[in-house]
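# could you work out the structure for the sequence below:
(2 chains)
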Amino acid sequence: MTMDEWDAGDMGCGDLLIELRRRLAALDSGRSFRLVTLDPGAIEDVPAWCRLTGHTLVRADPPTFIIEVR
Amino acid sequence: MPGRFCISLTCAADDPDKATVAFVVANAAVASDKETLVFLSTEGVRLSQLGVADSIHEEGFAPLKQLMTSFVEAGGKIFVCSPCFKKRGLDDTKLVSGATIVGGAKLVEFLGDATPGVSY
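The predicted structure is shown next:
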């Protein structure tokens, strides 16, 4: 199964999260999603967002984050 | 994770940097599953009017209109201070989507006892 992915470029903070939320909402629970973001704040923000929303951060290797959909 | 979050915004085209960042943070909150309110008061109420946000595009950020639209589409609420709105002679037939004119009690009700927030 291919992994869904999104290269968000330098998008960050609310711009990034609102679009990330929309993309993950379209996926089935348990699917893995690869996010690439160059935003320097994402290193802290993506893990925090996963904790807040219940998605699982499988791997954080900035600029790449692997998220399992809740 | 349930909970509420409030962003108080007191500027519009007079400080486009603050107006923009307020809605960036609002989008972060609503995307984090918080029931999120943007409370527009004093000059901020001008953003409740259709077309006002259209020309605000701070360098390094998405256009304000796009940020406001994303926020509302994600379920965010916009409360507009009634006396501030009336003082400026604004038009209640030209409200942007998601905006509601309210008095102070409605804000106090939303905030409850322990709703966190930030101000711009």
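# which SSE is residue B:13 in?
Per DSSP states H and E: residue B:13 is located in neither a helix nor a strand.
# burial count for residue A:12?
20 (other C-beta atoms under 10 Å in any protein chain shown). For glycine as for every other residue, the C-beta is placed from the backbone atoms N, C-alpha and C.
# look up how far residue B:70 lies from it.
Using C-beta to C-beta, to the nearest Å, residue A:12 is found at 14 Å from residue B:70.
# show me where chain B has helices.
Using DSSP state H, the helices of chain B run over B:16-31, B:64-73, B:82-87, B:104-111.
# okay, which residue is most central for chain A?
residue A:35 (4.8 Å; C-alpha atoms, centre = their mean).
# so who does the residue of chain B found nearest chain A touch?
Closest approach between chain B and chain A, counting by C-beta to the nearest C-beta: residue B:27, at 3.1 Å. If you count contacts by C-beta atoms under 8 Å, 6 or more residues apart in numbering or on different chains, residue B:27 has them with A:13-15, A:17-18, B:67, B:70-71, B:74, B:76.
# next one: residue B:2
B:33, B:35.
# circling back to that earlier point, what helix or strand is the closest residue to the residue nearest to the centre of chain A other than its chain neighbours located in?
Once flanking residues are discounted, residue A:35 sits nearest to residue A:65: 4.5 Å by C-beta to C-beta, 6 or more residues apart in numbering or on different chains. Per DSSP H and E: residue A:65 is located in strand A:64-68.
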